[in-house]
Structure formats: C-alpha cells, structure tokens
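Trainee: Show me the folded form of this:
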Amino acid sequence: MNERELILDAVRRSGLSVTEAWIQYFALGGSLSELEVEAYLRGEGDLVPFERTILAEAMREALSPASPRADRRADGCTPDFLRPLGAAGSVFLDAEAAERGRLDSLEQLDLLDTPAEERFDAITRRAAERFGCEIATLALIGRDRQFIKSSVGEARQDLERTQVFCNATIRSSGALVLTDTLEDERFRSHPFVAGAPHIRFYAGYPLRGPGGWLIGTICVMSLSPRPFTVTDHQDLEALAQEMQHEVYPGWKAWSLF
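Mentor: Below you'll find the model as predicted:
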C-alpha cells in the first residue's frame, strides 16, 4: 500500500470518523481544513510531505494502546490535560463531555437570552440582502433549544434544538448548503420543509466560541430553491467571518477552517 492507503487503513482500524481524524491531526499541529484532509483520504488530492507526516503520526497515536482515546471519562468530565486543546481535544471525549465543553464555551460569551444588538443586526441584514432571502439569523445552539440573537424575517424563537437546521450546521467546520431541501433525503421530511414555513433553501456557516467550540451559526433561508455558486460560498464565508469577530473576536484561527 502507498502512504495514503496506509493512513486510510489506520483511520478505519482506529474507528475514527473523518472529522475525528482531522481533529486529532489538527491537535498535533496540522494546518489544513477537514475538507482537504477528507479529499486526500478519498484520493482526490494530495498533501505536502509535512502535513502527511502529521496526519500519519496522528493515526499512529490513535492506534496506540496508550492512546487517550481509549481512556474516555465515564463521568462526562474533561480530563485536565485535554482542557487546553478545547474543541481539538473532543476526539478523546465522550459525547456528554464534549457537549459540556461546547456549552461552557457558549456560556462564556454571555449572549444567550440577551436583547438584539445593532452590531449583529447589521450583518444579518446584509446577509439577507446579499442572498435575496426572506430569513437570515444569528442563531446560538443551547443545550436543548436554539436562541435567535439576531434575525431578519420571521424566525421563531426558542425552537427545540432537534428541529432546527443550524443544529446540523454546528456539526461541520464549514458551510452547510441545501439548494433545494426537497431534493436532500436528510431534510425533505423536516417539519419546516414538509410544513410551514416550507423552507426550500438553506445556507449556514458555523461560528466558534472560546476554545474553538462550535456554538452557533449565521444562516440564510428562503421559501424557494436556488443555486449556490463559488462566489456565493465566498461571500457567505466573508459574512461569517465578520459575525465571528462580533461573536468572539478572540478566535484567530479562521483561516484553518
């Protein structure tokens, strides 16, 4: 097997998802996006030797019997040695501990259940105008609900977390784009697609809090499907970068995602 095949085999044997493999690679100093690493593993691109070495080392650690991944905390708490890693250490945590880290990050921002602010509203207005969408929001994902900090159009407040598109967006390090929700098997039966308000288009970008945890999104939605070009993606990312600065200006690693 060549080097890529060996690394891919290690990912499979370790039981890591691509996202988890990327997080472990990032924690060791890798600088490429999850999409670039995923493309490499699929054989659709290549990495420079330095980045391949880091990825290979990350997989060697994942396969090691002494790997911290094998010692997840049963009490749902984050081991002290993982705290400095923030979200990058979530690969070693069980779901409860990772969610606690994410919620702690959100709490530190002091934005939940606070009034609207023009610094956020100005960006959501521009997002709605740029994409010609009826709805644009800055949404924060709490423990079991979504809080809308800023909105254009009719965005229902405090919806259950499991009901909102943005809950899916915070599981990704990049944009989630649905050009036509009825053509996506993951969302065509969603209550807000099959029923009112009959969302047909969604584009959202995740936002980070302290420690790099994904705590919310900026998104646009429409009642009609539409294409989404490379320029659209770049403009959404630019708006997200502006919103990121307002939400948590301490996050400086934007270019890595």
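Trainee: which residues touch Phe187?
Mentor: Neighbour list for Phe187: Phe165, Leu178, Thr181, Val193, Tyr202 [criterion: CB atoms under 8 Å, 6 or more residues apart in numbering]. In this view, the C-beta of every residue, glycine as well, is placed from N, C-alpha and C.
Trainee: Show me what the second one bridges to in the sheet.
Mentor: In this case it means Leu178. Under DSSP bridges, the beta-bridge partners of Leu178 are Tyr202.
Trainee: Check the burial of it by counting its neighbours.
Mentor: Leu178 is flanked by 24 other residues according to other CB atoms under 10 Å.
Trainee: where's it relative to Val193, distance?
Mentor: 9 Å (CB to CB, to the nearest Å).
Trainee: same check, this time on the third one
Mentor: Computed with CB to CB, the distance linking Thr181 and Val193 is 4 Å.
Trainee: which neighbours do those two share?
Mentor: Common neighbours of Thr181 and Val193 (CB under 8 Å, 6+ apart) are Phe187, Ile199, Arg200.
Trainee: Three-state assignment for the second one, please.
Mentor: State at Ile199, reduced to three classes by DSSP: H, G, I helix; E, B strand; the rest coil: coil.
Trainee: Give me the contacts around the lengthiest helix in the chain.
Mentor: Determined from DSSP state H, the single longest helix within the chain is helix 230-247. When contacts are defined by CB under 8 Å, 6+ apart, helix 230-247 is touched by residues 109, 111, 119-120, 123, 126-127, 130-131, 138, 175, 177, 203, 205-209, 215-216, 218, 220, 251, 254.
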